[in-house]
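1. based on what follows, work out the 3D shape:
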Amino acid sequence: MTPDQLRSITAHTSPPLVPEIMLAGLPHHHTFETFRTQHQAVIGVATPYWLVAWPGGQGLARYLLDTPKLASRRRVVDLGCGNGLVAIAAAMAGAPSVLAVDVDANALVCAEENAGLNRVDIEIEQADLRDFTPSRGDLICAGDLWYDQATGRQATGCLARLRDGECAALYCDAGRSYRPRSGVTCLKTYDLSASPEFESAARLSIRICTLDAANIHSMHAGHVPQV
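-> Prediction:
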């Protein structure tokens with residue numbers, strides 16, 4: 001997918017929790033499934049997760065905007081960036097450098113386009129959760145990566161590995177079935193109105209969290225936190 005193709009099939013939207021950010025998203029006359037079907041020739045067969053501002057991304061974006069000192073002196077990495085919402089928020093919060101990482105090339109096209117819409121600069125990198133290597137001192141942010149068991153375990157393991165490599169790590173607990181349920185610290189809670197097309201409830205309570213140090217060390221001993 002090219003930037004021009006992206007512009008031709010999406011509409012500008014603003015997420016409820018971060019209305020100051022504009023994104024290329026789902027046009028009003030489409031459901032997620034009708035969009036996938038109609039534009040498969042452009043976007044391919046991979047699920048276009050980058051089309052939606054998922055609750056986890058909204059929560060992390062809001063937290064970075066509300067707590068700008070977290071991003072102001074270090075590089076921020078938006079891991080599994082999707083549409084780049086968290087990366088954009090980090091740049092708006094004053095991060096000197098921002099990297100958006102995703103395995104899906106279409107997501108990176110969308111993230112760059114959205115950064116331009118919001119007049120901020122980000123870098124992009126195509127990488128798998130298991131392969132990405134950050135720089136020491138980066139702030140790693142992960143939004144809604146716990147939507148299935150395999151990806152959830154990869155995401156938890158990845159945050160553990162990166163945190164143990166002297167990076168700070170934040171993630172959003174959006175209530176997904178495969179999220180870490182033990183050994184976490186909650187930093188902030190937000191209430192969010194949600195789309196019935198994507199979520200089981202009209203209102204969600206989402207939490208900004210970190211993995212505790214004891215949890216990190218137990219993972220490297222071969223234990224994965226309960227999911």
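
2. give me phi/psi at the residue nearest the centre of the chain?
-> The centroid of the chain falls nearest to residue 143 when counting by CA atoms, centre = their mean (3.5 Å). Here is the backbone geometry of residue 143 (degrees, to the nearest 10): phi -90, psi -120.

3. show me the shaky parts of the chain.
-> 163-166, 182, 196-202, 212-227 (pLDDT under 70).

4. and stretch 99-117, which residues are buried?
-> By 16 or more other CB atoms under 10 Å, the buried positions in stretch 99-117 come out as 99-102, 104, 106-115, 117. C-beta: built from backbone N, CA, C; applies to glycine.

5. among those, which lie within strands?
-> In this view, those that belong to strands under DSSP state E are 99, 100, 101, 102.

6. so the residue nearest to the centre of the chain makes contact with residue 53?
-> No. Counting by CB atoms under 8 Å, residue 143 does not reach residue 53; the two are 9.4 Å apart.

7. which stretches of this protein form strands?
-> Listed in chain order, the strands of the chain (DSSP E) span 11-13, 23-25, 75-79, 97-102, 123-126, 139-142, 168-173, 184-193, 203-211.

8. which strands or helices does the lengthiest helix in the chain pack on?
-> Counting by DSSP state H, the longest helix found in the chain is helix 149-164. Applying 3 or more CB pairs under 8 Å, 6 or more residues apart in numbering; DSSP states H and E, one finds that helix 149-164 contacts strand 139-142, strand 168-173, strand 203-211, helix 213-220.

9. among these, which comes closest to residue 160?
-> Of all those, it is helix 213-220 that lies closest to residue 160, at 4.3 Å by CB to CB.

10. what touches both of residue 143 and residue 53?
-> Shared contacts of residue 143 and residue 53, defined by CB atoms under 8 Å, 6 or more residues apart in numbering, comprise residue 85.

11. so what's the residue count around the closest residue to residue 25 other than its chain neighbours?
-> Among residues not flanking residue 25 along the chain, residue 13 sits closest, at 3.9 Å (CB to CB, 6 or more residues apart in numbering). Look at residue 13: counted by other CB atoms under 10 Å, it has 19 neighbours.

12. quick check: bridge partners of residue 13?
-> With DSSP bridges as the criterion, residue 13 is bridged to residue 23.

13. next one: residue 76
-> Per DSSP bridges, the residues bridged to residue 76 are residue 98, residue 139.
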